[in-house]
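Engineer: Predicted coordinates and the sequence they were generated for:
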Amino acid sequence: MKQDRAVRTRRAILEAAAMVFEDRGYDAAKLTDIVSLAKVTKGALYFHFESKEHLAQAVIEAQVNMHAPFAPQEFKAQEFVDVGMVFSHRLQYDVLMRGSARLTLEHNGRELDRAAPYLGWIELHTALMAEAKERGELLPHVDPSAAARLVVGAFAGLNVMSQTLGLELDREVSALYANVMPGLVLPAVAERLDTAPGRGARALHDQAEACRCDRPVPPRPPAAALAPTT
């Protein structure tokens, strides 16, 4: 079908563009290289994207569109952790996510709007923290919005540092959550969170299993029941 072919062509262009942007950055990237890598004509590229700026913007915004719902977890705080751990995992094999991250973090191409990914991540993290607060998982002083901005900003910094120093991002992000979450959630919740390296792959496996069963994984009781009684 023509529609299916158009979707595949658009995806091929986006992935090729992400590879070129990741390798060369925005300014040095050439549409001719993207067309060659995607094995499409320039006409096909301009059918989907009117300019290099428009194409780069679409690659950037791919981060915002990646947020598929994960299998429900015992704690909303675990889902909060899983968002970052899954993204860290996807950066290892998903060229579109890597190209998007490169464009978001670099300073070239000042005409590009780099706010959307940050705002999208912050909104998602804030919503999960707000749900965790409603369920009694958070310490009383925690502001969901402030916690969301802290983690999103720290993740971005770790991504840059890991690339610069040749560190394994998954382990650095694991350490981030292992150190930050005890200051955000009840001790009874913190001790049951999975923040270990490889959590992103495990969360995706959980989601695949839930989809294979064609039924949602039922959420467990709220964490308020775990709070120590006095």
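Structural biologist: Perfect, thanks for sending it. Numbers count the residues shown, from 1 in each chain.

Engineer: how about the nearest residue to Ser145, chain neighbours excluded?
Structural biologist: Spatial nearest neighbour of Ser145, excluding adjacent residues (Cβ to Cβ, 6 or more residues apart in numbering): Thr126 at 5.0 Å. C-betas here are computed from N, CA, C, even on glycine.

Engineer: Relative to Glu53, how far out is Ala6?
Structural biologist: Ala6 sits 21 Å away from Glu53 when distances are taken as Cβ to Cβ, to the nearest Å.

Engineer: Also Ala38?
Structural biologist: As judged by Cβ to Cβ, Ala38 and Glu53 stand 18 Å apart.

Engineer: tally of neighbours for the residue nearest to Ser145?
Structural biologist: Residues lying near Thr126 (other Cβ atoms under 10 Å) number 19.

Engineer: swap in Ala208?
Structural biologist: 11.

Engineer: cool, Ile34 as well?
Structural biologist: 25.

Engineer: ditto for the one 5 residues further on
Structural biologist: When neighbours are defined as other Cβ under 10 Å, Lys39 has 11 of them.

Engineer: just use 107 as the starting number from now, easier for me
Structural biologist: Sure, I'll start numbering at 107, so the last one becomes Lys145.

Engineer: how about it, what does it touch?
Structural biologist: If you count contacts by Cβ atoms under 8 Å, 6 or more residues apart in numbering, Lys145 has them with Ala118.

Engineer: For Asn265, list the residues it contacts.
Structural biologist: Applying Cβ under 8 Å, 6+ apart, we find Asn265 in contact with Leu197, Ala207, Leu211, Leu275.

Engineer: buried sites along the helix or strand the second one falls within?
Structural biologist: Read that as Ala207. With elements taken from DSSP states H and E, the one containing Ala207 is helix 201-211. Within helix 201-211, the residues that qualify as buried are Val201, Leu202, Met203, Arg204, Gly205, Ser206, Ala207, Arg208, Leu209, Thr210, counting by 16 or more other Cβ atoms under 10 Å.

Engineer: Would you mind measuring from His195 to Gly226?
Structural biologist: Following Cβ to Cβ, the distance that separates His195 from Gly226 is 18 Å.

Engineer: higher neighbour count, those two?
Structural biologist: His195 (23 against 17).

Engineer: Name the nearest residue to Ile119, ignoring sequence neighbours.
Structural biologist: Ala144 (4.8 Å).

Engineer: Just name the shakiest helix or strand of this protein by mean pLDDT.
Structural biologist: The helix or strand of the chain with the lowest confidence, counting by mean pLDDT, DSSP states H and E, is helix 305-319 at a mean of 80.

Engineer: Show me what the helix or strand harbouring Ala183 is packed against.
Structural biologist: In this assignment (DSSP H and E), Ala183 forms part of helix 182-196. Contacts defined by 3 or more Cβ pairs under 8 Å, 6 or more residues apart in numbering; DSSP states H and E place helix 182-196 against helix 221-240, helix 250-271, helix 275-286, helix 305-319.

Engineer: Identify all contacting residues around that helix.
Structural biologist: So helix 182-196 is contacted by 169, 172-173, 176, 178-179, 203, 227, 230-231, 234-235, 237-238, 241, 243-244, 257, 261, 275-276, 279-280, 282-283, 287, 290-291, 295, 299-301, 304-307, 309-310, 329 (Cβ under 8 Å, 6+ apart).
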